[in-house]
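J.: okay, predicted coordinates and the sequence, questions at the end:
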Amino acid sequence: MKKFLYCLYELCVIPLFLIDTIATALLTILGCLVGNGHFWGYYPGKWWSQFTIRLLLLPVKVEGREHLKPGQSYVFVANHQGAFDIFLIYGFLNRNFKWMMKRGIGKIPFVGPACKYSHQIFVDKRGPSHIRASYDQAREVLKEGMSLMVFPEGARTFTGHMGVFRRGAFMLADELQLPVCPLTINGSFDIMPRTRDWRWVRWHPLKLTIHEPIMPIGKGRENIDYLKDKSYEAVMSGLVPEYQGYVRNDDQ
């Protein structure tokens, strides 16, 4: 009965979500055209994410904000459980950053243009030169004092479990000698797993765990592997027991 009532409630609030999404995209585009791109590229998305989570009555718990230092740039890395990862991180990390995202997101109406105007970073895998250009853009963002948000698995999980971490984010952190801050997401897979994209949302609490940042121990391959392995361990340690352990994701 509760599931049925929640589905009815979703039907009522979907128009509000769509209106807010379009309004947020237009505000982001206009703001970035006439004002500070770092402000307008972050805060409308943050407000949109918070509104969406609250509209759907989803409880959120955040732990570990005390680990983040004011004014410090970070390379944030997180497990990728589902579509609601975006709302959780954007809305509740409370840190201005740029996303590294799949090129296909740029084709989503309203959302894609908003991401382009706000200078989010699209990872283009069509060839080595395109990949290098994506990482050159990310490098410039970090040099400007911004933080970067990356899903190093490269794709959402099919099972709720973690796959492998790719090296790209950790190579950037190594090159610029920045700390990597691991984030663990719990609950997003239960709300909307990849196999049920944009169908009924299931009510479930969300939790974001901000782990202690991992400082570089040098420069080069050893440091890259250290940052990657320690980040993986930290993210895994924060998962609920049901999703502990590695499961291969062929989509990576």
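T.: Done, it's in. Predicted model only: the values in this text are computed from it and were never measured.
J.: how many residues are close by the closest residue to residue 199 other than its chain neighbours?
T.: Once flanking residues are discounted, residue 199 sits nearest to residue 192: 7.5 Å by CB to CB, 6 or more residues apart in numbering. The way it works is simple: take the backbone N, C-alpha and C, and place the C-beta from them, glycine included. By other CB atoms under 10 Å, 21 other residues sit near residue 192.
J.: ok, residue 192 to residue 212 distance?
T.: Going from residue 192 to residue 212 by CB to CB, to the nearest Å gives 29 Å.
J.: under the pLDDT cut-off, which ranges of the stretch 51-200 of the chain? List them.
T.: When residues are selected by pLDDT under 70, those of the stretch 51-200 of the chain lie in 126-127, 130.
J.: for it, which segments count as helices?
T.: With DSSP state H, counting those that start in this stretch as the criterion, the stretch 51-200 of the chain has helices at 84-92, 111-117, 128-143, 168-176, 188-191.
J.: what's the most buried one of those?
T.: helix 188-191 (a mean of 25; mean count of other CB atoms under 10 Å).
J.: neighbouring contacts of that one?
T.: 58, 81-85, 88, 157, 160, 201-204, 206, 243 (CB atoms under 8 Å, 6 or more residues apart in numbering).
J.: the closest residue to residue 94 other than its chain neighbours: neighbouring residues, count only.
T.: Among residues not flanking residue 94 along the chain, residue 65 sits closest, at 6.6 Å (CB to CB, 6+ apart). Around residue 65 sit 12 other residues, with neighbours defined as other CB under 10 Å.
J.: I figured residue 65 hits residue 211, correct?
T.: No: between residue 65 and residue 211 there is no contact under CB atoms under 8 Å: 11.3 Å.
J.: the closest residue to residue 39 other than its chain neighbours sits in which helix or strand?
T.: Leaving aside its chain neighbours, residue 39 sits nearest to residue 31 (7.2 Å; criterion: CB to CB, 6+ apart). Under the criterion of DSSP states H and E, residue 31 resides in helix 2-34.
J.: got the buried residues for that helix?
T.: For helix 2-34, the neighbour count (16 or more other CB atoms under 10 Å) marks 10, 20-21, 24-25, 27-29, 31-32 as buried.
J.: ok, now stretch 194-214?
T.: Within stretch 194-214, the residues scored as buried using 16+ other CB under 10 Å are 194, 201-203, 206-211, 213-214.
J.: report the distance from stretch 57-64 to the chain centre.
T.: Centroid separation for stretch 57-64 versus its chain: 15 Å, with CA atoms, centre = their mean, to the nearest Å.
J.: contact partners of it?
T.: Here stretch 57-64 makes contact (CB under 8 Å, 6+ apart) with 9, 53, 84, 88, 91-93, 191, 203-212.
J.: contact partners for residue 158?
T.: Listed by CB under 8 Å, 6+ apart, the contact partners of residue 158 are 193-195, 249, 251.
J.: can you give me phi and psi for it?
T.: The phi/psi pair for residue 158 (degrees, to the nearest 10) reads phi -90, psi -10.
J.: distance of it relative to residue 192?
T.: From residue 158 over to residue 192 the distance is 13 Å, taken as CB to CB.
J.: quick one, which of the helices of the stretch 51-200 of the chain is nearest to residue 36?
T.: Residue 36 sits nearest to helix 111-117 of all these, at 12.7 Å, using CB to CB.
J.: surely residue 10 and residue 198 touch.
T.: No: look at residue 10 against residue 198 with CB under 8 Å: they stay out of range, at 11.6 Å.
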